[in-house]
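# Give me a model of this one.
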Amino acid sequence: MNDASSNAARLADALLQQVALDLAFAQPGSTRVTDSLGDLVDQIAAACDGAPEPIGTAVAACRHWLAACAAADGCLTQQAIASLSEWQPWMATAVLAWGRGQPIAPPPPEWSVAPPAVRAEAEPTQQVSVLPDGVDDDMLQLFCAESQDLLQEVEQAVLVLERNPADKAMIDTVFRVFHTFKGNAGVIKLAVLQRLTHELESLLDAARRGKAQLGRDAIDVILEGADVLRRYVGEMLGQISGVEKGRTIPLPIPALIARVDRLLHGGPAVPAAAAVSVAPPAPAVPVAVPSPILQAAAEPMAAPVISSPTPPAAAQSPAEPVAAPAAAVASGMVRVDTHKLDGLIDLVGELVVAQSMVVQSPELKGIGNSQLARCLGQLRGITSDLQRTAMSLRMVPIGGTFRKMARLVRDLSGELGKEIDLKLEGEDTELDRNLVEELSDPLVHMIRNSVDHGIEMPDVRAAAGKPRTGTITLRAFHQGGFIVIQIGDDGRGLSGDRILAKAVERGLVKPHDRLEPADIRGLIFLPGFSTAEKVTGLSGRGVGMDVVRRNIEKIRGKVGVDSIEGSGSTFTMYVPLTLAIIEGLIVGVGQERYIIPTLSVRESFRPLPGAVTTVQGRGEVVRVRGKLTPLLRLGRFLGTPAKTDDPTQGIVVVVESGQDCRCLLVDDLIGKQEVVIKSLGEMFGRQNAFAGAAILGDGRVGLILDVNSLVKMKSATGDAA
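Have a look, this model is predicted:
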């Protein structure tokens, strides 16, 4: 008998004494004792790692009894207390014999049977109360905020594990996250979450101890467990805000616990028969870094071997406790209410405008005092720095949104039977947090489109000489003061002939119309347009790409597509850095000033004599690069007297929205400037010519033109644009 076994036996004996103490005070219906006994049995299992088979059989039997109670209602039953009372003295005798190197008597035969009937009879779902008693809303909100961050970290790490199940650092990370989640749930007395996270933690601990790899079944269970936790947290946030406060929700917690138990004790993790839909991921709080509510006191615990169809990895020594994830130990960070942050940024914008009005005041310019000029210059520099700093508070990396797409690609590719690799580039690119939220839906639609329509089946790709695994690349980068987001794939690409034929069939274009390739590709963004042969659960109804364009245009962006048939497609979105400030081209019409978002401006020029003509049914048009483009006299349309009616004395600004263009006739180009956007209020809600207003440097108000509406509306003469 070696010293290591003797020491392990002494540790197990000490733990068994604690079990006896807990059982002495155990009462049927006690949840607290169930949790504490589960922790003790986990520690006993770790201490008895390598013990003779009878001890392992007895430990597995005890786990079955406790798991049965957890799957039912989380409380000890009279039968479980009786079984544990017999188990504890037998284990104490067996451990003592093991420590002395003596033979161990076999356990009672009934301990070797399958899990108790209560586990098999447990309902697959459980009605769960969300709000615990006696916990204030501030504490619950803090719990929810950190939980969202923890769950996002779980999902990202688990998807890495699926590609490399032997990545010990990722296993440790996911284990520690569930360990922290369990501790936080215990602080606010969420026993139902403690039970689920404890089971998931045991599953991961078996992997981190080198007992087996995390196969597909285990990854599925972990992700579904994270989805259940996310749904619980989302429901809690809703009830905190007053939505159906106090209601219970059905969650498949018993079914998940049963699946984990099958993985821990042999057999496949068969999905529950009664599936429960899980809410989509809630957006994480993007303006702060989480800090733990309370570090769980318990040390990492061991678990029995996970049965895996794949050969287990080489045995590893038990891992040392790892450092908490970076998100959990970050210091110097505070959570700030987003309304307070928006209020601060609005005030900074007002300050910048006020400073500009002071600096450009004619009275001050006429003084000619050098000291005053230096002070005003210093004031300008300070306010500019203050504005940049304030705006940076709203900027968050787009990486979090990108990484959520990895889960989407995983699930969709598995559903469709495709092999797809998602590559992420430019995850640290920062943009306004409001834009990040607005981009979520368009990205989901475009990723689904690439998975379903773009990437071919593995056999089809192999026959075409391509790798069986398709690649989708999601990248972001800065370009010209804007953020560019691209979704590219190496799939089948877009067939121009097929798109055109479908458009003719639907009456969207005439059979003899001659369209440029870019115009043909742009047809996929029309409402109701789809080239799918049949409607599936993913696509075919003609909705999706029109939603993408509408949502992108709503945030003053634009979207386009490039494609080579047989080689793949790339969708490109251009979006502003922020929704609070816009870079605009200031134009003059008579005595008024208007602002055109520069992202919508294609070009500007002074028309030559005869360049503006009238076409029957289309009104005034201008020939721009060989194409007739409708002209809108901005002064006449807005009721603002222009300086002249002669187009050759004015400036034509070509603006675009999607695939459509329009020429705006203005008097002057005054310059380009970044302006702080102000809402026009409810009084102007019915108009569609303006998207907002801004205070210019001279104190005057400039109206921001809504280019999307101007491009698509009819001209002032009533002719179709």
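
# And for Ala463, the neighbour number?
Ala463 has 10 neighbours, counted by other CB atoms under 10 Å. Placement of C-beta: from N, CA and C, glycine included.

# How confident was the prediction at it?
Here the pLDDT value assigned to Ala463 is 91.

# and it, how far is that from Glu456?
9 Å (CB to CB, to the nearest Å).

# Tell me the buried residues in the longest helix anywhere in the chain?
In the chain, assigned by DSSP state H, the helix with the most residues is helix 137-163. Residues of helix 137-163 classed as buried by neighbour count (16 or more other CB atoms under 10 Å): 140-162.

# Check which helices and strands that helix sits against.
helix 168-187, helix 216-240, helix 326-329, helix 399-416 (3 or more CB pairs under 8 Å, 6 or more residues apart in numbering; DSSP states H and E).

# tell me, which of those helices is the model least confident about?
Mean pLDDT is lowest for helix 326-329 among these, at a mean of 38.

# mind checking the SS state of the most far-flung residue of the chain relative to its centre?
In terms of distance from the mean C-alpha position of the chain, Gln102 ranks first, at 57.0 Å (CA atoms, centre = their mean). For Gln102, the assignment made with DSSP: H, G, I helix; E, B strand; the rest coil gives coil.

# Could you do Leu431 as well?
When classified by three-state DSSP, Leu431 comes out as strand.

# Can you give me the distance of the closest residue to it other than its chain neighbours to Leu577?
Of all residues not flanking Leu431 in the chain, Ile483 sits nearest, at 5.0 Å (CB to CB, 6 or more residues apart in numbering). Noted for Ile483: a distance of 6 Å to Leu577, by CB to CB.

# Compare neighbour counts for these two and give me the winner.
Higher neighbour count among Ile483 and Leu577: Ile483, with 23 against 20, using other CB under 10 Å.

# Tell me what that one is bridged to.
Bridge pairing for Ile483 (DSSP bridges) gives the partners His478, Val575.

# what about it, distance to Gly584?
Per CB to CB, Ile483 is found 17 Å from Gly584.

# Next: Phe482.
Distance of Phe482 to Gly584, given as CB to CB: 13 Å.

# Same check on Val358?
Using CB to CB, we find Val358 at a distance of 22 Å from Gly584.

# ok, now Asp490?
Between Asp490 and Gly584 the computed distance is 38 Å (CB to CB).

# Repeat that for Asn369.
33 Å.

# Of the two, which one has the most company?
Counted by other CB under 10 Å, Asn369 and Gly584 do not tie: Gly584 has more neighbours, with 25 against 10.

# OK, contacts around the more buried one?
With contacts defined as CB atoms under 8 Å, 6 or more residues apart in numbering, the neighbours of Gly584 are Ile595, Ile596, Pro597, Thr598, Lys672, Gln673, Glu674, Val675, Ala694, Gly702, Ile704.

# Start and end of stretch 468-486, how far apart?
Stretch 468-486 has an end-to-end distance of 23 Å (criterion: CA to CA, to the nearest Å).

# Also stretch 638-652?
Across stretch 638-652, the terminal residues are separated by 16 Å (CA to CA).

# Can you tell me what sits against the helix or strand hosting Pro89?
In the assignment (DSSP states H and E), Pro89 maps to helix 78-100. Contacts of helix 78-100 with the rest of the structure, by CB under 8 Å, 6+ apart, involve 1, 5-6, 8-10, 12-13, 16-17, 19-20, 23, 26, 28, 37, 44, 48, 51-52, 54-55, 58-59, 61-62, 65-66, 68-69, 103-105, 107-108, 111.

# Would you state the strands of the stretch 201-350 of the chain in chain order?
Assigned by DSSP state E, counting those that start in this stretch, the strands in the stretch 201-350 of the chain fall at 248-251.

# residues contacting the nearest residue to Val676 once chain neighbours are set aside?
Leaving aside its sequence neighbours, Val676 sits nearest to Gly349 (CB to CB, 6+ apart; 3.7 Å). Neighbouring residues of Gly349 by CB under 8 Å, 6+ apart: Gln387, Ala580, Ile581, Val676.

# same deal with Ile345?
Ile345 touches Ala390, Met391, Leu393, Arg394, Ala580, counting by CB under 8 Å, 6+ apart.

# so which strand or helix has the second one?
Okay, so that is Met391. Applying DSSP H and E as the criterion places Met391 in helix 370-393.
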